[in-house]
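Q: Need a 3D model of the sequence below.
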Amino acid sequence: MKRVLVAVTLWSCLGGSAAAELERAQDAYARGDFATAFFELLEPVRRGDAEAQLMLASLYENGEGIPADIAESVKWYRAAATGGLRQARLALGEMYRTGRNVTQDDFEAARWYGLAAEQGDPTARFHYGLMTFYGQGVPPRPEAGLRLLEQAAALGYEQAQREIERIASVAATTVLDDEAEAKRLLIEARQGDVEAQYALARVLETGRGLAVDLPAAVVWYRKAAEAEHADAQNALVRLYRQDEGAVANRGEAVRWLRHAAAKGDPAVQYDLGRLLASGEDARDLAEAAQWLGKAAAQGHVEAQLAVVGLYRDSLRNGAELARWLAVIAERGDPAVQYELARIYAAGRDVARDSATAAKWLRQAAVQGHLAAQIELAECYRVGRGVAEDQAEAALWTRRAAEQGHLPSQIELAEAYRVGRGVPEDQTAAVVWTRHAAEQGHLASQFRLAAAIDGAEASPQETAEMVKWYRRAAEQGHVEAQFRLGGLLRFGRAGIKRNDGEAVRLLRAAAEQGHRDAQYMLGMMYDSGDGVPRRHGEAAKWYQFAAVQGHPAAQAALGNMYDAGDGVSRNSAEALKWWRRAAEQDDPDGQYSLGVAYKLGIGTDPDPVVSLMWFNLAATRATAAQLRDKTIRNRDLVAKHMSPDQVGEAQRLAEEWKPGVAP
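A: Next up, the predicted model:
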């Protein structure tokens, strides 16, 4: 019941200030849909949102929507507290003070209470005030502690007022009333009286009877500690753990922390490990790993994380790293599970094991770890560590795509387009292409426009098509430039003709080498459609397209050489370009080649070859004007030929194949 009350208190603190992106998680939590709340929190948690981290900590602590996991809960409370969230700092202080879900530790409790107290939290000021007054986890400073209690009382914390009244009614037993008493303690301490040494150290640390002098206090604590005075040893360790600047002495700190750590306290072992790890001596690092390992083996979460960092970054021991990562991974930490998967996948200081790698990837992926979802999808796609399964690959690709991962959105769109791992669904393909396009992916912007372009588009769809063609075109997508240029040149329902914009876009595509744009630009200059008529410009763009094998441009360029429009008249060049077009089965080129062999343009007249090309052009021409004039010329040539010649021309036409000249 206590856990539930704590969780409710935390949630109520967050309600009014949660960012808009957390509203869905809060709504789901309020209606008891804890699983949905968990998944809605994953993205803001990934971005480091402290309030989301606190909510996640509460879900893990109470087992709401997910299996209860105290270690994960503490991890996320700490993350939120480190991010500056007052409620998380208060919760950690309470945990360490009471030993709920963590090893009881006054030092850690005072640390987190102190930070929350600085943010004005009355509960934190009360507890930190008590700890400061009595010296629990911090040096005893009664006056400062009393001020904190008064501040908590002023904020309406009734228990603080009662504590102030109780303190006032009890005489402090450690106050030294005069200098004579202080001198007595000093004399006895110098004479080796261990109790006097400890008492004098307390007086010098707290300032209750003498001025505060921490270095002197440490001297007397140390003398008593050397005589195995347990309280003096504890006080010395406490000061070193607090890392008070006035008593900084790394060698002594290591010595006494080592003495205390040998008694098995994981919190002290952790502090000793951290202190040793802060140096550069390899021997210190090795000993740090030993003490951190001892604390970690007792379940100390911070020690487990610290020993992992030590083996990863300093000692570079992959086998030990994998061992401790596995301990943390078993608690369900997705980031650690992913790191462990990478180690097994690469075989870094462990035997390469794709199956184990896939196992940890799945456990991380289930918790929303983006990189794990991406790699797990690839494992299923190619059958690495798991049986190949395109449906599973598509499932994890979708999970990653839903988190906004652009390559996964592109992959999922393609999967729906071709039916790989999912039923073919062109509508779904367009949906995911749109997601990728909205993230600025150039190819997806074009594909989205093209998908709409290929359908019976409504006015709204037409406007969207133009929008995406334009976005892609503005980024230099050559096909988008060509298609939008063509749409604006000819116009369409919902698209107003715009010659100036069409020329600009077609020229941009043509200058990038798009042969269809080059041909279309040549046609516009050739006919004066939307631009001033300029045969020289027309011939230039026809030439660019013709060189790239554009058959219509080759036929048109042949016409310009034949007429001398924009170029010097040259029958041989005209014949060359007509032939190249005709050999690509272009009816305009075939017709022009028929005329060339009829009239002897650039070649000797040959009625059989002429009739062959007219026959081919007549069967291929779709434009009525071209078909009609081809038939007229065919019949005129055939009229003056013998039946054998006509038969030969027919045979040549029937046997002709594109790319072959007679």
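Q: Which residues are in contact with Cys379?
A: 354, 357-358, 361, 385-386 (C-beta atoms under 8 Å, 6 or more residues apart in numbering). No exception for glycine: its C-beta is placed from N, CA and C like everyone else's.
Q: Looking at the helix or strand containing it now, give me its mean pLDDT.
A: Secondary structure from DSSP states H and E places Cys379 in helix 370-382. The predicted model assigns helix 370-382 a mean pLDDT of 96.
Q: Equivalent analysis for stretch 142-160, please.
A: pLDDT averaged over stretch 142-160 gives 86.
Q: can you start the count at 29 instead of 1 from here on
A: That works, and once the first residue is 29, the last one we named lands at stretch 170-188.
Q: Going by neighbour count, list what's buried in it.
A: 170, 173-174, 176-177, 179-181, 185, 188 (16 or more other C-beta atoms under 10 Å).
Q: which outside residues touch it?
A: Contacts for stretch 170-188 (C-beta under 8 Å, 6+ apart): 145, 148, 150-151, 153-154, 156-162, 189, 191-192, 195, 200, 234, 236.
Q: same check, this time on stretch 375-385
A: 345-347, 349-350, 369-374, 407, 412-414.
Q: after the lowest-mean-pLDDT helix or strand in the chain, next one along is what?
A: Here the helix or strand of the chain ranked lowest by mean pLDDT, DSSP states H and E is helix 30-42, holding a mean of 39. Downstream of helix 30-42, the next assigned helix or strand under DSSP H and E is helix 51-58.
Q: which ones are touching Asp554?
A: 561, 563, 566, 570, 584, 588, 593.
Q: Confirm for me that the fourth one is in contact with Leu585.
A: Right, the one you point to is Tyr570. Yes. In this structure, Tyr570 is within contact of Leu585 by C-beta atoms under 8 Å, at 4.2 Å.
Q: got a winner among the contacts of stretch 375-385 for most neighbours?
A: Ala369 (31 neighbours; other C-beta atoms under 10 Å).
Q: re earlier: turn the contacts of Asp554 into TSV, columns for pLDDT, distance to Glu358 and secondary structure.
A: What follows is these, written out as TSV (pLDDT from 0 to 100; distance: C-beta to C-beta, whole Å; DSSP: H, G, I helix; E, B strand; the rest coil):
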residue	pLDDT	distance to Glu358	secondary structure
Arg561	94	79	coil
His563	96	79	helix
Ala566	96	74	helix
Tyr570	97	71	helix
Ala584	97	73	helix
Met588	96	78	helix
Asp593	94	81	coil
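Q: List just the nearest of these to Val73.
A: Nearest to Val73 among these is Tyr570, at 60.7 Å by C-beta to C-beta.
Q: Count the neighbours of that closest one for me.
A: 32.
Q: can you pull the contacts of it?
A: 546-547, 550, 554, 581, 584-585, 588.
Q: Where helices are concerned, which of the residues you listed count?
A: 546-547, 550, 554, 581, 584-585, 588 (DSSP state H).
Q: can you pick the most crowded of these?
A: Result: Leu585 is most packed of those (other C-beta under 10 Å), 31 neighbours.
Q: Report the contact partners of that residue.
A: Leu585 neighbours (C-beta under 8 Å, 6+ apart): 567, 570-571, 574, 605.
Q: Could you list the low-pLDDT ranges of the stretch 579-690 of the chain?
A: Applying pLDDT under 70 to the stretch 579-690 of the chain flags residues 688-690.
Q: need the helices for it, in chain order.
A: Counting by DSSP state H, counting those that start in this stretch, the stretch 579-690 of the chain has these helices, from start to end: 579-591, 599-611, 615-627, 635-648, 652-667, 671-683.
Q: In a markdown table: the ones you listed, plus distance to Arg218.
A: Conversion of the helices of the stretch 579-690 of the chain to a markdown table gives the following (distance: least, C-beta to C-beta, whole Å):
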| stretch | distance to Arg218 |
| --- | --- |
| helix 579-591 | 108 |
| helix 599-611 | 113 |
| helix 615-627 | 116 |
| helix 635-648 | 119 |
| helix 652-667 | 121 |
| helix 671-683 | 124 |
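Q: closest to Val130 out of the ones you listed?
A: helix 579-591 (77.6 Å).
Q: Would you mind getting the angle between the closest one and helix 615-627?
A: Comparing the axes of helix 579-591 and helix 615-627 via axes from the mean of the first three to the mean of the last three C-alpha atoms, to 10 degrees yields an angle of 30 degrees.
Q: Also compute the angle for helix 579-591 relative to helix 599-611, please.
A: Using the same axes, to 10 degrees: helix 579-591 against helix 599-611 is 160 degrees.
Q: State the number of residues packed around Gly112.
A: Neighbour count of Gly112, defined by other C-beta under 10 Å: 11.
Q: part of a helix, is it?
A: No. Gly112 sits outside any helix when classified using DSSP: H, G, I helix; E, B strand; the rest coil, being coil.
Q: Tell me who's in contact with it.
A: Counted by C-beta under 8 Å, 6+ apart, Gly112 has contacts Ala78.
Q: Now a ChimeraX select for only the buried ones of the contacts of stretch 170-188.
A: To isolate the buried ones among the contacts of stretch 170-188 in ChimeraX, judged by 16+ other C-beta under 10 Å, type:
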select :145,150,151,153,154,156,157,158,159,160,161,189,191,192,195,234,236
